[in-house]
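**Q** Sequence first, then the predicted structure:
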Amino acid sequence: MNWAAKFSEGLPYSAFLDRYASPDQRRRWDDFYQCVALDAAQKELIGSFTRQMRVIVMAGTWCGDCVNQCPMFEHFSQACPLIDIRYFDRDANADLQNEMSICGGARVPSVVFLSEDYHVCGRYGDRTLSKYRSLVGAGAACSTGIAIGDDLTRSVMRDWLDEFERIQWMLRTSSRLRQLHGD
């Protein structure tokens, strides 16, 4: 996969929703976006990032798990201009479906983290550990993902933030990137 070329085809958050979301889907995404926020410590952490991070998100506007996770990513990117996220509709990108499959399927949201020069640094998705723990603990085999509680929402945000932080520290300590930046 030519990640640089693919990244350039992606859409920013609002453009993705404008293109793919129905009015009802857009309302759900907007409502969830308004329900979540970074706390001061999280903003400080994200604000401390110094390496550019490119992120590809394969999602579906119809997907409850995407509704309950992708707006978090928008908060991350707004808190740090070095986080550059591009969204792709799962059903309109067969090449990404194949490249980003999880557990043998085109599950969403799926994320690929890239360095500033488009090297793959990590992959993550479709649900976080906290979400899976809640599903297993509740005895549920499947969830619509339409609504999650406040404690679970905070835990899922923390899981995602931990992964963004892990990738940032990978980028910061990369000998290749340290040599490139002279630090």
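**A** All right, it came through fine.
**Q** Looking at the protein, which helix is longest?
**A** Ranked by residue count, the top helix of the chain under DSSP state H comes out as helix 150-173.
**Q** just checking, next helix/strand downstream of it?
**A** Per DSSP states H and E, the first helix or strand lying C-terminal to helix 150-173 is helix 175-181.
**Q** Now that following helix: average pLDDT?
**A** For helix 175-181, mean pLDDT is 95.
**Q** what do you get for stretch 102-118?
**A** The model assigns stretch 102-118 a mean pLDDT of 95.
**Q** name the helices or strands packed onto the worst-scoring helix or strand of the chain on mean pLDDT?
**A** None of the helices or strands of the chain scores lower by mean pLDDT, DSSP states H and E than helix 129-138, at a mean of 85. Judged by 3 or more CB pairs under 8 Å, 6 or more residues apart in numbering; DSSP states H and E, the packing partners of helix 129-138 are helix 150-173. C-beta coordinates here come from the backbone N, C-alpha and C atoms, glycine included.
**Q** related to what we said a few turns ago, what angle separates the least confident helix or strand of the chain from helix 150-173?
**A** If you take axes from the mean of the first three to the mean of the last three CA atoms, to 10 degrees, helix 129-138 sits at 150 degrees to helix 150-173.
**Q** Quick one: distance of the longest helix of the chain to the chain centre.
**A** Relative to its chain's centre, helix 150-173 lies at 10 Å (CA atoms, centre = their mean, to the nearest Å).
**Q** cool, and stretch 38-51?
**A** A distance of 16 Å separates the centroid of the chain from that of stretch 38-51, by CA atoms, centre = their mean.
**Q** Quick one: end-to-end length of it, please.
**A** Length of stretch 38-51, first residue to last, CA to CA, to the nearest Å: 20 Å.
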